[in-house]
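*Asks:* no sequence on this one, just coordinates:
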């Protein structure tokens, strides 16, 4: 007699569709931000001056692309552990994607007003909120082991709940600096992604996971 497989509860199932949606949203947003880089349309004789005027937008594009890259990479790293997506996890992820979809607005604002305290703080708060939701999503998954693909070591489970907020803390501190000194805040925004782009953060997690 063939055993009938149990159907998942309503709202619960494979995370594959969620992963596909994540990749799609990130791909679209990471493409849209480049549209703010405008080709100069003034006289050819002043092309050099016009290109200099575009530099803040180009720098904002580079910074934002790197930030989106580390958030996508972190989201991808989370998905490697998730076997089941339930209703709360899906909506946490949708809220996260909602903040990501708005990043082009904040990036355009900063690119147009790079020395404005308001633009710097708004950009920083936006990134902080997105990174916080990213961290909170992992916190939710860790506290619901049935969603996990494999068991986590107690040490990794404990420490990863803290380290997952590293990006949010970094952008929160950079935003605070930017509130007092906008230029210093911009420099801090550039420094936040460094440990993640260089891979140091993930090397640390690997050592923790291996019990070292």
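*Replies:* Yep, that arrived. Not measured: the values here are computed from a predicted model.

*Asks:* residues contacting the residue nearest to the spatial centre of the chain?
*Replies:* Geometric centre of the chain, nearest residue: residue 71, 2.5 Å, by C-alpha atoms, centre = their mean. Contacts here follow C-beta atoms under 8 Å, 6 or more residues apart in numbering; on that basis residue 71 touches 26, 100, 130, 131, 134, 167. For the C-beta atoms, the positions are set from N, CA and C on the backbone; glycine is no exception.

*Asks:* How much space separates it from residue 181?
*Replies:* Spatial separation of residue 71 from residue 181 under the definition C-beta to C-beta, to the nearest Å is 25 Å.

*Asks:* can you check residue 22 too?
*Replies:* 35 Å.

*Asks:* of those two, who's got more company?
*Replies:* Between residue 22 and residue 181, counted using other C-beta atoms under 10 Å, the more crowded position is residue 22 (21 against 13).

*Asks:* Do I have it right that the more buried one meets residue 93?
*Replies:* Yes - with contacts counted by C-beta atoms under 8 Å, residue 22 reaches residue 93, the gap being 7.0 Å.

*Asks:* picking up where we left off before, what's the pLDDT at the residue nearest to the centre of the chain?
*Replies:* Reported pLDDT at residue 71 in the predicted model: 96.

*Asks:* Then residue 157?
*Replies:* At residue 157 the predicted local confidence, pLDDT, stands at 87.

*Asks:* and the next element down the chain from the helix or strand harbouring it?
*Replies:* Using DSSP states H and E, the element containing residue 157 is helix 154-163. Sequence-wise, the next helix or strand beyond helix 154-163 is helix 166-180, with elements assigned using DSSP H and E.

*Asks:* Could you list the buried residues of that next one?
*Replies:* 166, 167, 168, 169, 170, 171, 172, 173, 174, 175, 177, 178 (16 or more other C-beta atoms under 10 Å).

*Asks:* if we take the residues you listed, which one ends up nearest to residue 55?
*Replies:* For the buried residues of helix 166-180, the minimum distance to residue 55 (C-beta to C-beta) is 19.0 Å, reached by residue 178.
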